[in-house]
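*Asks:* Coordinates only, no sequence provided:
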């Protein structure tokens, strides 16, 4: 497996990123509360490897400020 620098060593595969997302949602309930279709799409893009965690959070925060994500 080729290391992707956008992701940590424990988030290199979709399965690992799904686990990271679940752990972060458990640790940060505000993430789990953001359950709109827009938030779910951003989470899915992170798990798929399209967005880094930082890019996903930045997009999620921007959408929340714009009122598109609850």
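*Replies:* Right, received. Where do you want to start? All figures in this text were calculated on a predicted structure; none of them were measured in a lab.

*Asks:* Show me which residues of the helix or strand of the chain with the lowest mean pLDDT are buried.
*Replies:* The least trusted helix or strand in the chain, going by mean pLDDT, DSSP states H and E, turns out to be helix 29-33, with a mean of 85. Using 16 or more other CB atoms under 10 Å as the test for burial, helix 29-33 gives residue 31. Quick note: C-beta positions are derived from backbone N, CA and C, even for glycine.

*Asks:* hmm, who's touching that helix?
*Replies:* Helix 29-33 has contacts (CB atoms under 8 Å, 6 or more residues apart in numbering) with 24, 25, 26, 60, 70.

*Asks:* okay, those residues in JSON lines with distance to residue 49 and secondary structure next?
*Replies:* Below are the contacts of helix 29-33 laid out as JSON lines (distance: CB to CB, whole Å; DSSP: H, G, I helix; E, B strand; the rest coil):
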{"residue": "24", "distance to residue 49": "16", "secondary structure": "helix"}
{"residue": "25", "distance to residue 49": "18", "secondary structure": "helix"}
{"residue": "26", "distance to residue 49": "22", "secondary structure": "helix"}
{"residue": "60", "distance to residue 49": "17", "secondary structure": "helix"}
{"residue": "70", "distance to residue 49": "26", "secondary structure": "coil"}
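
*Asks:* Looking at those residues, which one is closest to residue 40?
*Replies:* Of all the contacts of helix 29-33, residue 60 has the smallest distance to residue 40: 10.6 Å, by CB to CB.

*Asks:* rewinding a little: using JSON lines, lay out the contacts of helix 29-33 together with distance to residue 53, neighbour count and pLDDT.
*Replies:* Below are those laid out as JSON lines (distance: CB to CB, whole Å; neighbours: other CB atoms under 10 Å; pLDDT from 0 to 100):
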{"residue": "24", "distance to residue 53": "8", "neighbour count": "15", "pLDDT": "93"}
{"residue": "25", "distance to residue 53": "12", "neighbour count": "16", "pLDDT": "93"}
{"residue": "26", "distance to residue 53": "15", "neighbour count": "10", "pLDDT": "94"}
{"residue": "60", "distance to residue 53": "10", "neighbour count": "21", "pLDDT": "91"}
{"residue": "70", "distance to residue 53": "21", "neighbour count": "11", "pLDDT": "59"}
